[in-house]
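Asker: quick one: sequence plus predicted model below, questions after.
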Amino acid sequence: MAETYKYEKIANDILHLIESGAFRPGNQIPSVRETSRQRNVSISTVMQAYYLLEAQGWIEARQRSGFYVSTTLPSELPEPEISSPVTDPIQVSMRDLISRVALRDSRNPNLIPLGAAQPNPELSATTQINRMMTSVSRKMGHQSGMYDYVPGTRKLRAQIAQRTLATGCSISPDDILITSGCGEAINLCLRAVCKPGDTVIVESPSSFDALLCLDVLGLQTLEVPTHPRDGISISALKFALEHNTISACLLGTNFNNPLGSCIPDESKRAIVEILSEHDIPLIENDIFGEIYFEDHRPSVAKAYDQKGLVMLCSSFSKSLAPGYRIGWVVPGRYQESVEWLKYTTNLAAPTLCAQAIAEFMISGGYDPYLRRIRREYANRMAAMSQAVGRYFPSESRLTRPSGGYLLWVQLPETVDSLKLYTLAFKAGIAITPGYLFSATEQFSNFIRLNAANWSEDVERAIAYLGNIIANMM
């Protein structure tokens, strides 16, 4: 038997503590000097152990701070393969299923919330925004309750325009329209460029909010293969455009829902160029773009738009809080149509909420807040990924997003996610079955999990789900 060196024994002991959950993602492990003293070994021996764990991806060094459990832990579970949807357009019909699953869960506060794609309420900025609302309402008086007509609060549009510089864009406040959330922004864009019966390209899988919008507007969907890390297949997109009449393309470019995929910058450029050749608008959903775990914010496809065909949509729902219903859109060449549709639909976005968020951004509070929740969500995503790897069957597959707080899990083929949803619901656990993310049933053995609310109760829920899944095999 090969001899185990001292540094290997130290590394194995720390790894056991990480795998057992004693050290969680983001936790600091004992310092080099402390471990040296406790184990009665040299500092160089401890450093060898820590370097080994770092090379394997279990821990990471932070300058002048020490070593921490990595927020991107290695996983024993492989990633799902690229999707393979049908190649023909499909009429979307999601209303009954979404009403039965998503709406029922959202109204039940007693469920362990692993289903809805909502941020953690305890991490949201409601305290700060509510304080700003009090201040703004005092300053504005009766005007705080009046309409702030299209295009919306200029103060907020100016702040959004400044932030788009980090995404590679140069956008004027006049290019921006404030909406009642990102969902309304997408709805307005679709209405501006499509008519009932038209076909829209979407990712596969795709957000059920987007699919529901297509359903309501009487549009057909053409689902295109999508990689769990790099997003929509460019070759498949080209094929779809060459063989179908397409009115628009709807993509979540950064940390999309449910995959968490992030389209590389060069691929974003290529997508914009391909669609531009066909003069087809791209409706870009960047709602998770601010919740990134790496050093720099990813760019948006709008940064490569030369013809005004990219319609950039986002909101503060996933970062600040969803209840304020403040979103925005840069409609490009379709601005006049989108503004008219907004005006004739509901006149304006919530005045007081928009003013308060603008003041929060002007005060300098937004960036420190974002840095804090990025760390938190990175830690929680890593913790849930680790738990899924520990408790779910080894035949499962798991995505590895570099932002957001959603995980897409492929279960063994014999596991029906709708049956699993029903069993989990009876046990007080909310999950989202894969059926909701396609107009077909191709994701019947997939589920989406929300890591935002990670806790010991959530870990127990993951373990319970693992047992249910094992019994269904």
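Answerer: Nice, thanks for sending it over.
Asker: and the helix or strand containing Lys9, how far from the chain's centre?
Answerer: When secondary structure is defined by DSSP states H and E, Lys9 falls within helix 6-20. Relative to its chain's centre, helix 6-20 lies at 33 Å (Cα atoms, centre = their mean, to the nearest Å).
Asker: how about the CA coordinates for that helix, as CSV?
Answerer: The C-alpha coordinates for helix 6-20 follow below in CSV (Å, rounded to 0.1, in the frame of the first residue of the first chain):
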residue,chain,number,x,y,z
LYS,A,6,1.4,14.2,6.0
TYR,A,7,0.1,16.9,3.6
GLU,A,8,-2.2,14.4,1.9
LYS,A,9,-3.6,13.4,5.3
ILE,A,10,-4.3,17.0,6.1
ALA,A,11,-5.9,17.6,2.7
ASN,A,12,-8.1,14.5,3.0
ASP,A,13,-9.3,15.5,6.5
ILE,A,14,-10.3,19.0,5.3
LEU,A,15,-11.9,17.6,2.2
HIS,A,16,-14.0,15.2,4.4
LEU,A,17,-15.2,18.3,6.3
ILE,A,18,-16.1,20.0,3.1
GLU,A,19,-18.0,17.0,1.7
SER,A,20,-19.8,16.4,4.9
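Asker: any idea of the mean pLDDT in it?
Answerer: Mean per-residue pLDDT for helix 6-20: 87.
Asker: what do you get for stretch 235-244?
Answerer: In this model, stretch 235-244 has a mean pLDDT of 96.
Asker: tell me how far it lies from the chain's centre.
Answerer: From the chain centre to the centre of stretch 235-244 is a distance of 26 Å (Cα atoms, centre = their mean).
Asker: now do the helices in the stretch 251-400 of the chain.
Answerer: 265-277, 335-346, 351-362, 366-391 (DSSP state H, counting those that start in this stretch).
Asker: sorry, wrong one. I was asking about the stretch 101-250 of the chain.
Answerer: Using DSSP H, counting those that start in this stretch, helices in the stretch 101-250 of the chain cover 104-106, 126-140, 154-163, 181-193, 208-216, 234-243.
Asker: which other helices and strands contact the longest one?
Answerer: Helices and strands touching helix 126-140, by 3 or more Cβ pairs under 8 Å, 6 or more residues apart in numbering; DSSP states H and E, are helix 351-362. Glycine gets a C-beta too; all of them are placed from N, C-alpha and C.
Asker: got the buried residues for the helix it packs on?
Answerer: Residues of helix 351-362 classed as buried: Thr351, Leu352, Cys353, Ala354, Gln355, Ala356, Ile357, Ala358, Glu359, Phe360, Met361 (neighbour count, 16 or more other Cβ atoms under 10 Å).
Asker: and those residues, which two are the farthest apart?
Answerer: By the measure Cβ to Cβ, Thr351 and Met361 form the most distant pair in these, at 16.3 Å.
Asker: so what touches the helix holding Lys9?
Answerer: Helix 6-20 is contacted from outside by 4, 23, 29, 35, 39, 41, 45-46, 48-50, 52-53, 58-59, 69, 73, 386, 390, using Cβ atoms under 8 Å, 6 or more residues apart in numbering.
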